[in-house]
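K.L.:
no sequence on this one, just coordinates:
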């Protein structure tokens, strides 16, 4: 599911930046390379707000991640209208979603990669850099006025710096969001709250109190059960709770071994942080008081959903899609009078903040594209489709008057016979299935207004609350050289696995919290100190290089 892929971005980027580096975002000296022989069919002057159109028809090859929810069709309006507007025909190499990452690696390794390689999350490009198979795209961003404008306008340079490699360049063009997008929180039965005279919880303490009141009224139930625990126990829930306590990107899905501590200007071991212990203590209390179903950490999604939709529990992790597509239809069948909402993420000791990066999956470009006579035209095309306001609206909404209309205030409305994410449920056609728009290969990133253009009124209210929260600064890059990367690979996974195993034991009461100091000592035996030294040495070197006292 798309949303689950999005949350993986935090984990991917967090790990990837340990192997990324750079002095500037501008890249190396290749920018001055003569492109006069690679400008065939390019526009002489291409600027922000200008429709790109090649001076003659041109074809570019692209990899295409084929989603079974909207499998590729050769007659999609997306293809034909794109060619009409830009003079560009895209020739897709279609790869099933289930095998996309593996096939992408094989195709690139064999030297057969198409020019454009979309649906690539930052960090996934790293294995292809050393081989020289993909382009250092940062050398050519001067050909992309919309991309540069978005970075400047939205102050995204810190986010983009997280994808720099150790040569000071980057090799993936990330999708860019105007703001951090928070989608995951908790769904709660408001009819149960009303019956007990309770308010929607705003803080973690409020949530604890609400669950206790629910337990008192329904002593045979676990008020909260949870999902998304396979393969990572407590995937969504521990990420949310950990962030609320100030433990970096949190536990569960978001867990990273190293968290930046601004006070000391250094990285610390996340699993040994007082904030991480506080998170464990909180969740352990919920389990010990029988407020949280202990099976939350082992059960399948289907089992968790069944408990919630049958009325056996009243709180569960959710995102916008699951709320509408899973929980409400399920409850309607078994508990017709039930009412549920997705609540704003409960605030914890870290304060009224939100955590995350504003980068989305993007695209790599094959190195061989650089030698094409149409290279400049291709970069202009990429800039228009993926980063211009007009291109993003086209990729997401389609053709005005055919798939959508706009009202006097600029709002988007689907055509009467077109549906997308349940906005027009009685329609006979679907925006992505039948027309190819809102396709994950080409439609991502953009302004908050565009992002929310497909949100329900309810989801917009949720986002309004979350948008108002302070966004915590992106941790600084901490580059590893090739030798360090090899050592990092040996230490990273075992250390993370051990922390998550012991986290679960503490939460379930299989290990008493009185052994916390012993646990911290055990982390040393898992190379915790050496790991941290590796990261901080890399960070110190990055700072030295950035300040001009080292290589750049």
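P.N.:
That came through fine. Note that the structure is a prediction, hence the values are computed from the model and not measured.

K.L.:
for the longest helix along the chain, what is the average pLDDT?
P.N.:
If each helix of the chain is counted by residues according to DSSP state H, the longest one is helix 482-508. Confidence over helix 482-508 (mean pLDDT, whole number) is 92.

K.L.:
Outside of stretch 315-329 itself, list whatever touches it.
P.N.:
Outside of stretch 315-329, the residues that reach it under the criterion Cβ atoms under 8 Å, 6 or more residues apart in numbering are 1, 3, 183-189, 207, 210-211, 214, 223-228, 236-237, 240, 304-305, 308-309, 340-342, 421-422, 455-456, 459, 462. Bear in mind the C-beta positions are built from the backbone N, C-alpha and C, glycine included.

K.L.:
In helices, which of those appear?
P.N.:
3, 207, 210-211, 214, 236-237, 240, 304-305, 308-309, 459, 462.

K.L.:
buried ones in the longest helix of the chain?
P.N.:
Neighbour-count burial for helix 482-508, counted by 16 or more other Cβ atoms under 10 Å, picks out 484-485, 488, 491-492, 495-496, 498-500, 502-508.

K.L.:
Now do it: distance to the chain's middle.
P.N.:
Offset of helix 482-508 from its chain centre (Cα atoms, centre = their mean, to the nearest Å): 22 Å.

K.L.:
same check, this time on stretch 63-74
P.N.:
With Cα atoms, centre = their mean as the basis, the distance from the averaged C-alpha position of stretch 63-74 to the chain average is 21 Å.

K.L.:
go on, stretch 198-211?
P.N.:
For stretch 198-211, the distance from its own C-alpha centre to the chain's C-alpha centre is 28 Å (Cα atoms, centre = their mean).

K.L.:
Next: stretch 130-144.
P.N.:
With Cα atoms, centre = their mean as the basis, the distance from the averaged C-alpha position of stretch 130-144 to the chain average is 23 Å.

K.L.:
Now it: buried residues?
P.N.:
Of the residues in stretch 130-144, 133-141, 143-144 count as buried by neighbour count, 16+ other Cβ under 10 Å.

K.L.:
What's the first helix or strand after the longest helix of the chain?
P.N.:
Secondary structure here is assigned by DSSP states H and E; on that basis, the next helix or strand after helix 482-508 toward the C-terminus is helix 516-525.

K.L.:
quick check: mean pLDDT across that next one?
P.N.:
Averaging pLDDT along helix 516-525 gives 96.

K.L.:
Show me just the buried residues among the contacts of stretch 315-329.
P.N.:
Neighbour-count burial (16+ other Cβ under 10 Å) is assigned, among the contacts of stretch 315-329, to 183-189, 207, 210-211, 214, 223-228, 236-237, 240, 304-305, 308-309, 340-342, 421, 459, 462.

K.L.:
what ranges do the helices span in the stretch 101-250 of the chain?
P.N.:
In chain order, the stretch 101-250 of the chain shows helices spanning 126-129, 145-153, 157-161, 190-196, 204-217, 235-245, with DSSP state H, counting those that start in this stretch as the criterion.

K.L.:
Name the residues of the fourth one that come out as buried.
P.N.:
The reference is to helix 190-196. In terms of neighbour count (16+ other Cβ under 10 Å), helix 190-196 has its buried residues at 190, 192-193.
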